[in-house]
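> Curious how this folds, go ahead:
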Amino acid sequence: PSSVRTDKKLAMFAVSKDGLALQYANGAMREDRDLVLEAVKKHGGALRYADVDMQGDKELVMEAVKSDGMALQFVARQLRDDLDLIVVALQQNGMALSLVNRRLRDRRDLVLLAVSQNGI
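This is a model prediction of the structure:
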């Protein structure tokens, strides 16, 4: 039923168990900051299902990349070059280097961080 997709308590329960449950929430729920924050803390990849404005919220995005460095691929354009986010993503998963802007990807410090996380 559609009421299930709009029930915040139920949605919060679902994302607290599996962040990817955010994909089943309706559009308005995907704009709910508390719900999205809970979802990305559980699974960074849930950022994919968040409203585009949420994908540009640095605090939410930071939580997502802490949980899953590969969530960097779902970050809004204005945050893609943010070094704080990139470093946290690489600390979580060095493979996230492949998602970093080309002009930053060759930075020695970022490459070393990625390699130290995942090896060569």
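
> okay but Ala21 is in contact with Leu10, surely?
No - look at Ala21 against Leu10 with Cβ atoms under 8 Å: they stay out of range, at 9.8 Å. All C-beta spots, glycine's among them, are computed from the backbone N, C-alpha and C.

> Settle it for me: which of those two has more neighbours?
Ala21 (21 against 15; other Cβ atoms under 10 Å).

> list the contacts for that one?
Counting by Cβ atoms under 8 Å, 6 or more residues apart in numbering, Ala21 touches 11, 14-15, 39, 46.

> which parts of the helix or strand where Val61 lies are buried?
Taking DSSP states H and E as the criterion, Val61 maps to helix 58-67. Using 16 or more other Cβ atoms under 10 Å as the test for burial, helix 58-67 gives 60-67.

> now stretch 112-120
With burial defined by 16+ other Cβ under 10 Å, the residues of stretch 112-120 counted as buried are 113-114, 117.

> How many neighbouring residues does Ile86 have?
Ile86: 27 surrounding residues under other Cβ under 10 Å.

> just Arg80 next, same as before
By other Cβ under 10 Å, 16 other residues sit near Arg80.

> and if you look at the one 3 residues further on?
Using other Cβ under 10 Å, Leu83 is surrounded by 12 other residues.

> Which residue is the nearest non-sequential neighbour of it?
Leu104 (7.8 Å; Cβ to Cβ, 6 or more residues apart in numbering).

> what does Ala25 give?
Taking Cβ to Cβ, 6+ apart, and ignoring the residues beside it in sequence, Ala25 has Ala11 as its nearest neighbour in space, at 5.1 Å.

> I'd assumed Leu35 was in contact with that neighbour.
Yes - Ala11 lies in contact with Leu35 (Cβ under 8 Å); the separation is 5.7 Å.

> Could you check how many residues crowd around the residue nearest to Leu83?
Residues near Leu104, counting by other Cβ under 10 Å: 13.
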